[in-house]
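A.B. asks: Got a predicted structure plus its sequence, pasted below:
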Amino acid sequence: MLMRVALLLVCACAAAHTTACITERESSPPGLDSAVVQRARAVQSWSIHERGARVGSVVRYEHVNEPERYFYMVRNRHDQDLGMIDALGRIFRQRPHSEEPEQIGSGSVLEGARRILRLGKRAELREMPVGTGIQRSEG
């Protein structure tokens, strides 16, 4: 009798774990239908070095039809976008698991790269040919 009760409990537990409910939800940002695609092209790039090691890069992008509209994308050594500096010198860092970047100050491109990558005063920019790194933001 005890063996039957144990067997029934094992079967009940197994059945409970195999009958799970899965829910999927798909959503789009508001106003997606009226979104306008804006193209930018990479026009200049630099590698960022600290203590002799390459720790990241900066790429300047200009809007295709309006070159006076530009921004700088700052990437780590794995070519992951970590932040940007806009034409007004405002510095933004991407926050993990967040859609909106955090404004962390303003300054020059070098100051912005240092802040975004959390580097010291010894970090420096070295110009490199456009296209040397991954140019993923171009489209």
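C.D. replies: That came through, no problem. Residues are numbered from 1 along each chain as shown.
A.B. asks: Give me the residue ranges of the protein where confidence is low.
C.D. replies: By pLDDT under 70, the weakly predicted segments of the chain are 1-20, 132-139.
A.B. asks: tell me, what residue is most central in it?
C.D. replies: The residue lying closest to the centre of the chain (CA atoms, centre = their mean) is Asp81, at 4.2 Å.
A.B. asks: partners of that residue in the sheet?
C.D. replies: Beta-bridge partners of Asp81, counted by DSSP bridges, are Arg75.
A.B. asks: so which strand or helix has His49?
C.D. replies: His49 belongs to strand 40-50 when assigned by DSSP states H and E.
A.B. asks: Against which helices or strands is that strand packed?
C.D. replies: In terms of contacts (3 or more CB pairs under 8 Å, 6 or more residues apart in numbering; DSSP states H and E), strand 40-50 is packed against strand 53-63, strand 70-76, strand 124-128. Every residue, glycine included, has its C-beta placed from N, CA and C.
A.B. asks: List the neighbouring strands of that strand plus their orientation.
C.D. replies: strand 53-63 (antiparallel), strand 124-128 (antiparallel).
A.B. asks: so which of those comes closest to Gly112?
C.D. replies: strand 53-63 (8.2 Å; CB to CB).
A.B. asks: mind exporting the closest one as PDB, just the C-alpha atoms?
C.D. replies: Provided in PDB are the C-alpha atoms of strand 53-63 (Å, rounded to 0.1, in the frame of the first residue of the first chain):
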ATOM      1  CA  ALA A  53      46.600  48.600 -25.200                       C
ATOM      2  CA  ARG A  54      43.700  49.100 -27.600                       C
ATOM      3  CA  VAL A  55      40.600  49.400 -25.300                       C
ATOM      4  CA  GLY A  56      38.000  50.700 -27.800                       C
ATOM      5  CA  SER A  57      37.100  52.800 -30.800                       C
ATOM      6  CA  VAL A  58      35.200  56.000 -31.800                       C
ATOM      7  CA  VAL A  59      33.500  56.400 -35.100                       C
ATOM      8  CA  ARG A  60      32.100  59.600 -36.500                       C
ATOM      9  CA  TYR A  61      28.800  59.200 -38.400                       C
ATOM     10  CA  GLU A  62      27.200  61.900 -40.600                       C
ATOM     11  CA  HIS A  63      23.600  61.800 -41.800                       C
END
